[in-house]
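Asker: fold the following and give me the result.
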Amino acid sequence: MTDDLPQISHIYQNHHLDSTRWERFVPRDDDIVISTSYKSGTTWTQMIVAGLVFGAEEAPYQVMELSPWVDSRYRDIDSVIERLDSQNHRRFIKTHLPLDGLPYYSQVKYIVTGRDARDVCMSLWNHYSNYTEAFHNRVNTVPGRVGPPLPLCPGDVRTFWRNWISRGWFDWESDGYPFWTNLGHTQSWWDYRQLPNILFVHFADLLNDLSGEIRRIADYLNIEISDESLAFVTNAVRFPAVKANAQKVIPNAQDAFVGGADTFFNKGTNGRWKSALTLDDIGMYHEATARILSADCAQWLETGRRIDGLTEA
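Answerer: Predicted structure coming up:
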């Protein structure tokens with residue numbers, strides 16, 4: 001851990017990402033940035049924040065338009081910045097960047113959501129293996145791609161796992177292929193967890209105590225929430241409600257995923273890796289965590305438990 005403030009040391013540009021797009025972003029004092037590597041509860045966290053920002057007047061399902069993914073190459077950056085500049089409400093923005101590729105602003109509140117890497121793999125496998133042919137082509141043909149195209153998804157989850165847990169897409173990574181680092185993403189933020197404007201949220205804690213985690217996030221964001229509003233937001237973001245409203249959350253998802261929004265919101269559970277990965281596969285997981293993560297970061301990613309600054313709550 002360092003007492004210095006975060007600095008950009010890497011540029012992330014590939015078939016999905018372009019971290020330089022953040023150069024166009026002008027922060028406001030009350031902005032919220034939500035960061036995950038991927039498939040760790042990104043949309044879930046966005047919906048929670050939407051519910052807190054807008055209150056109990058309406059269910060927080062329109063998050064894709066409200067909370068754009070700035071570092072994604074798919075949407076014209078001019079339109080993304082124009083939409084953000086036009087927002088009069090408290091803004092909440094999505095990123096999948098590690099902290100070493102993202103501008104750090106002391107006036108911005110950051111929420112980092114993590115998940116056991118083995119659960120991330122199962123969710124990412126469902127996501128990637130169900131890309132439509134049209135979406136896969138789109139990923140690779142948007143002008144400005146840096147580096148090789150995204151390869152086709154392997155035919156079985158264990159092949160995907162062995163590459164993903166042991167290879168990096170970028171030269172400075174050693175996991176995450178063919179996307180970007182998952183473990184390294186969390187460690188990049190973990191190294192600065194002492195900063196008062198970074199909050200860690202864990203997927204398992206959301207599963208185990210959703211209303212408690214929502215209130216903790218509200219407290220961090222200095223948003224007062226009544227018991228009635230808390231109950232409304234909690235019920236609105238539970239997995240069955242989100243699954244039932246999937247078309248509102250992910251409009252036109254059928255263009256990207258076989259099975260559409262129902263595929264994007266697959267199970268919402270942990271532990272599916274136990275029946276998919278072998279003992280050798282799990283050995284690769286332990287090698288990767290020892291290689292990339294500090295011991296305390298590895299423990300948190302695997303087990304959850306609330307972390308507030310330097311103190312476990």
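
Asker: give me the below-cutoff pLDDT ranges for the stretch 201-313 of the chain.
Answerer: 245-271, 306-313 (pLDDT under 70).

Asker: what helix or strand is the residue nearest to Trp273 when sequence neighbours are not counted on?
Answerer: Among residues not flanking Trp273 along the chain, Arg118 sits closest, at 3.9 Å (Cβ to Cβ, 6 or more residues apart in numbering). (Glycine included, C-beta is placed from N, CA and C.) Element membership for Arg118 (DSSP states H and E) is helix 117-129.

Asker: just Asp85 next, same as before
Answerer: helix 77-86.

Asker: residues contacting Phe170?
Answerer: When contacts are counted by Cβ atoms under 8 Å, 6 or more residues apart in numbering, Phe170 touches His10, Tyr12, Asn14, Trp180, Thr181.

Asker: per-residue pLDDT, the first one?
Answerer: In this case it means His10. We have a pLDDT of 98 for His10.

Asker: for Asn222, see how far away it is.
Answerer: 32 Å (Cβ to Cβ, to the nearest Å).

Asker: am I right that Gln194 is in a helix?
Answerer: No: per DSSP: H, G, I helix; E, B strand; the rest coil, Gln194 lies outside any helix segment and is coil.

Asker: neighbours of it, just the number please.
Answerer: Neighbour count for Gln194, taken as other Cβ atoms under 10 Å: 11.

Asker: before we move on, back to that, what helices or strands is the helix or strand following the helix holding Asp85 leaning on?
Answerer: The first helix or strand that comes after helix 77-86 along the chain, using DSSP H and E, is strand 92-95. Strand 92-95 is packed against strand 32-35, helix 42-54, with contacts defined by 3 or more Cβ pairs under 8 Å, 6 or more residues apart in numbering; DSSP states H and E.

Asker: compare those and say which comes out lowest on pLDDT.
Answerer: For the helices and strands packed on strand 92-95, where the average pLDDT is lowest is helix 42-54, sitting at a mean of 93.

Asker: okay, the most centrally placed residue in the chain: pLDDT?
Answerer: Residue closest to the average C-alpha location in the chain (Cα atoms, centre = their mean): Thr36, at 2.7 Å. On pLDDT, Thr36 comes in at 96.

Asker: that one contacts Thr113, doesn't it?
Answerer: Yes: taking Cβ atoms under 8 Å as the definition, Thr36 is a contact partner of Thr113 at 4.7 Å.

Asker: which residues do these two both contact?
Answerer: In contact with both Thr36 and Thr113: Thr42, Thr45, using Cβ under 8 Å, 6+ apart.

Asker: what's the distance between Val201 and Gly168?
Answerer: Counting by Cβ to Cβ - Val201 and Gly168 are separated by 25 Å.

Asker: more neighbours: those two, which one.
Answerer: Set Val201 next to Gly168 and count neighbours by other Cβ under 10 Å: Val201 wins out with 26 against 18.

Asker: what average pLDDT does the helix holding Asp85 get?
Answerer: Average pLDDT, helix 77-86: 96.

Asker: hey, C-alpha coordinates of it in PDB?
Answerer: Extracted in PDB, the C-alpha atoms of helix 77-86 (Å, rounded to 0.1, in the frame of the first residue of the first chain):
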ATOM      1  CA  ILE A  77     -17.400   9.300 -27.100                       C
ATOM      2  CA  ASP A  78     -19.000  12.700 -28.200                       C
ATOM      3  CA  SER A  79     -22.500  11.400 -27.500                       C
ATOM      4  CA  VAL A  80     -21.400   9.800 -24.200                       C
ATOM      5  CA  ILE A  81     -19.900  13.100 -22.900                       C
ATOM      6  CA  GLU A  82     -22.800  15.100 -24.200                       C
ATOM      7  CA  ARG A  83     -25.300  12.900 -22.400                       C
ATOM      8  CA  LEU A  84     -23.300  13.100 -19.100                       C
ATOM      9  CA  ASP A  85     -22.900  16.900 -19.500                       C
ATOM     10  CA  SER A  86     -26.700  17.200 -19.900                       C
END
